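Have a look; sequence and predicted model below, questions after that.
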Amino acid sequence: MNHSNLLVELFVEELPPKVLQKLGDAFAGVLFDQLAAQGLTSTGSRLTAYASPRRLAAHITEVAPQAADKAVSQKLMPATVGLTADGQATPALLKKLAALGADASAVAGLQRVHDGKADVLYFESTARGAQLTDGLQKALDEAIAKLPIPKVMRYQLQDGWTSVHFVRPAHGLVALHGTQVLIGLKALGLTAGSATHGHRFEASVDPVVIESADSYAQQLAEQGAVIASFAERRAEIARQLQAAAERVGGGVRAIEDEALLDEVTALVERPHVLICEFEKEFLGVPQECLILTMKANQKYFPLLAADGKLTHQFLVVSNISPSDASAVIGGNERVVRPRLADAKFFFDQDRKKTLASRVEGLGKVVYHNKLGTQGERVDRVRAIAKSIGQQLGDSALARQADLAAQLAKTDLVTDMVGEFPELQGTMGRYYALNDGLDVAVADAIEDHYKPRFAGDELPRNDVGVIVALADKLETLVGMFGIGNLPTGDRDPFALRRHALGVIRMLVEKDLALDLETLLVSTLPAFGDKITDATPALVDFIYDRLAGNLREQGFSAQQVDAVLALRPQRLADVQKRLEAVRAFAALPEAPALAAANKRVGNILKKAETAVQARVDASLLQETAEQELNQALQTTVPRADAQFAEGDYTASLQTLAVLRAPVDAFFDKVMVNAEDPALKANRLGLLATLHEAMNRVADLSRLAA
């Protein structure tokens, strides 16, 4: 069978740039998967996805004009139902065969297969392979239906009556198998052909008639002035950005922003990078403001000097390549100027008022209908920050944290943050320094949002850590206290992210704070606005911690063993896990873990609570005397190592208990008839259990 390469293109009006790559990959991926499912591709078939502002396309190698026929085995019914005692077909069998397009002559060819219970009749037939046009029609319909469209458009076709739904109006459909047009193919009111369109202004030919599936990308580039591949266009933009920065010289570089690069790639069909500039007077505005307005509003790439400072030049990715680019450059420079002037105006106006004078304004900003205003929230964060400072035993730190917490949200009511919400915190730092506040307080105002995402840096100083902790704890305790919890994929208040932020700060800053004490100490700040949901919040935080630890490579058993004890100092958890991992590698570990599990079960079944107390005079058997002696020798040393934080050594010291523990269970009856003897042996086991489970619940390591 002659396999040829396949090309399918939908030519449309400008697609949403932020999802273009996702649309292109989805369109091509579903096409390929559907053709493969119908047997129209081979094991060597390869997919290439294309996506430009005005097209979605897929190139697939080694596509058959018709899928191979395949044998089909259909289960009919038990032989006792389909055949009489003398082997004749029953009416039920004849009816079933008729439904499959067969008659009584097929009875002799039925297969009998024993399924473990009875003989079952199977009808063997051959299914004719799908024709490419039919199979591709099904695949194309599926690809269009499954396209991850953020917002569907409804538009009328040229007949004036028929309406279709798609991401943007479609104006052309190309479908080529080798050089052959798949004429019967239809989609969105269009019939497949071989003609498409190139660049709106720079195509040398219009329409571009595609000669074969394999000439698609080359013809679009040469005749249509379009780089059809998203990846190739992106790489070309990156290359031109670097080359333009090198032309400017002085070690400057274009700002790195993968999302911006993706978006610009989705806005142009043939990129041409130009160097532009603005007046140096604007550099007096914080560079974060200028960078954000250039990136967000204009899709420009600011140029940074070698020291990371913003320069007065920037790069524009144009969709046209005029011989004289001065008009395009001048136009972009005129467009950016009012944007920068707005940023300068906001900055100048904001600095006329201190952050302290803006605190009152937060009382007019609603935070949550059950939790009050931002002003009330600030009061709670201040109280929590002071409490944390006091728990850490540093009154000076608590005072600085209180001031930073009071001012941390005030930039929300500035003009700059009103225009650019992404600059919250950043502008607060600039305005705090302008007000003459301490650098530690200014840094804390910016940093109290950190960590904002996975891998983000933590606050740079202790004041920032306290305010960031207080801010996140206020959100967590408040939302849990009013029952506003995450569900499934929904987490509108980012409680999972806040919990991970709390965990990271407690762990990476090695803070001497007990988790439950910390959570309970936040409750008074809320008064009667919430109910105490500390147990649920503790579970939530430990769940986040468990997931984070598993991602770091610890096994689920190891994590479970450590977190089962609910260690209050989260900074200790990593050391405990390392100790458990080292213990699990010891030859004695499996037996001790199993014994520990057995001890735990025995103690649970005891009629009354068992005290870890032993009367040596009641120890009768040699094995129980030796276990008691081993505990007296070993446990004090293990406890001392535990107290010093050397958890690994503590567990390894306890490993020598394996032999006396095994001997005890081999030779001693715990449930003795004498109540005093039984109670003493249970006390011995409780002493063992207490000693073995200080670092982790070792029974969780048992298979």
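Noted; the coordinates are in hand.

Please enumerate the helices of the stretch 601-703 of the chain.
For the stretch 601-703 of the chain, the helices defined by DSSP state H, counting those that start in this stretch occupy 622-643, 647-654, 658-667, 675-692.

Now do the longest one against helix 647-654, angle only.
Same thing as helix 622-643. Using axes from the mean of the first three to the mean of the last three Cα atoms, to 10 degrees, the inter-axis angle of helix 622-643 relative to helix 647-654 is 170 degrees.

in helix 622-643, what's buried?
Along helix 622-643, these residues count as buried under the neighbour rule (16 or more other Cβ atoms under 10 Å): 623-628, 630-631, 634-635, 638-639, 641-642. In this view, the C-beta of every residue, glycine as well, is placed from N, C-alpha and C.

repeat for stretch 273-282
273-274, 276, 278, 282.

what about that stretch, start to end distance?
23 Å (Cα to Cα, to the nearest Å).

same deal with stretch 47-57?
11 Å.

Quick one: mean pLDDT over it.
With pLDDT averaged residue by residue, stretch 47-57 scores 96.

can you offset everything so residue one is 32?
Happy to do that; since the first residue is 32 now, the last one works out to stretch 78-88.

And the contacts of it?
The contact list for stretch 78-88 (Cβ atoms under 8 Å, 6 or more residues apart in numbering) reads 38-46, 48, 51-52, 54-56, 58-60, 63, 89-91, 205, 227-228, 247-248, 257-261, 264, 297-300.

okay, which residue is most central for this structure?
The centre of the chain sits closest to A485, judged by Cα atoms, centre = their mean, with a distance of 8.8 Å.

Could you pull out the helices in the stretch 482-631 of the chain for me?
With DSSP H, counting those that start in this stretch as the criterion, the stretch 482-631 of the chain has helices at 493-512, 526-539, 546-553, 565-582, 587-594, 604-615, 620-636.

out of those helices, deepest packed?
Burial of the helices of the stretch 482-631 of the chain is given as mean neighbour count (mean count of other Cβ atoms under 10 Å); helix 493-512 ranks first at a mean of 26.

Put the alpha carbons of it into CSV.
C-alpha atoms of helix 493-512 as CSV (Å, rounded to 0.1, in the frame of the first residue of the first chain):
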residue,chain,number,x,y,z
ASP,A,493,13.8,38.3,59.7
VAL,A,494,11.3,41.1,59.7
GLY,A,495,10.1,40.0,56.3
VAL,A,496,9.8,36.4,57.4
ILE,A,497,7.7,37.3,60.4
VAL,A,498,5.3,39.5,58.4
ALA,A,499,5.1,37.0,55.6
LEU,A,500,4.3,34.2,58.1
ALA,A,501,1.7,36.5,59.8
ASP,A,502,0.1,37.4,56.4
LYS,A,503,-0.2,33.7,55.3
LEU,A,504,-1.3,32.5,58.7
GLU,A,505,-4.1,35.2,58.8
THR,A,506,-5.3,33.9,55.5
LEU,A,507,-5.2,30.2,56.4
VAL,A,508,-6.7,30.6,59.9
GLY,A,509,-9.3,33.1,58.7
MET,A,510,-10.5,31.0,55.7
PHE,A,511,-10.5,27.8,57.6
GLY,A,512,-12.3,29.5,60.4
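
same for that helix, what does it pack against?
Here helix 493-512 touches helix 405-422, helix 426-438, helix 470-478, helix 526-539, helix 546-553, helix 565-582, going by 3 or more Cβ pairs under 8 Å, 6 or more residues apart in numbering; DSSP states H and E.

which parts of the next helix or strand after the second one are buried?
The element immediately downstream of helix 426-438 (helix or strand, assigned by DSSP states H and E) is helix 446-450. For helix 446-450, the neighbour count (16+ other Cβ under 10 Å) marks 446-448 as buried.

now, among those residues, which is nearest to R408?
V448 (16.3 Å; Cβ to Cβ).

I'd assumed Y462 was in contact with the closest one.
No. The criterion here is Cβ atoms under 8 Å, and V448 misses it with Y462 at 9.8 Å.

quick one: common contacting residues for the two?
Common contact partners of V448 and Y462 (Cβ under 8 Å, 6+ apart): D442.

rewinding a little: quick one: residues contacting the residue nearest to the centre of the chain.
L531.

and the gap between it and Q583?
Going from A485 to Q583 by Cβ to Cβ, to the nearest Å gives 13 Å.

separation between D520 and R527?
From D520 across to R527, the span is 11 Å (Cβ to Cβ).

do the same with A57
27 Å.

Run a quick neighbour tally on V701.
18 (other Cβ atoms under 10 Å).

and what of K106?
Neighbours around K106, by other Cβ under 10 Å: 12.

does the closest residue to it other than its chain neighbours sit in a helix, a strand or a coil?
Closest residue in space to K106, ignoring its immediate chain neighbours: Y153 at 5.8 Å, by Cβ to Cβ, 6 or more residues apart in numbering. Following DSSP: H, G, I helix; E, B strand; the rest coil, Y153 is assigned to strand.

Which residues does Y153 form beta bridges with?
Taking DSSP bridges as the rule, Y153 bridges to K106, Q142.

Against H720, how distant is it?
For Y153, the distance to H720 - Cβ to Cβ - is 60 Å.

Compare these two and say which is more crowded by neighbours.
H720 (20 against 14).

Just to check, that one is in contact with N627?
Yes. Using Cβ under 8 Å, H720 is in contact with N627, at 7.0 Å.

how near is the closest residue to N515 other than its chain neighbours to Y398?
Counting by Cβ to Cβ, 6+ apart, N515 lies nearest to F524, which is 6.8 Å off, once chain neighbours are set aside. F524 sits 11 Å away from Y398, going by Cβ to Cβ.
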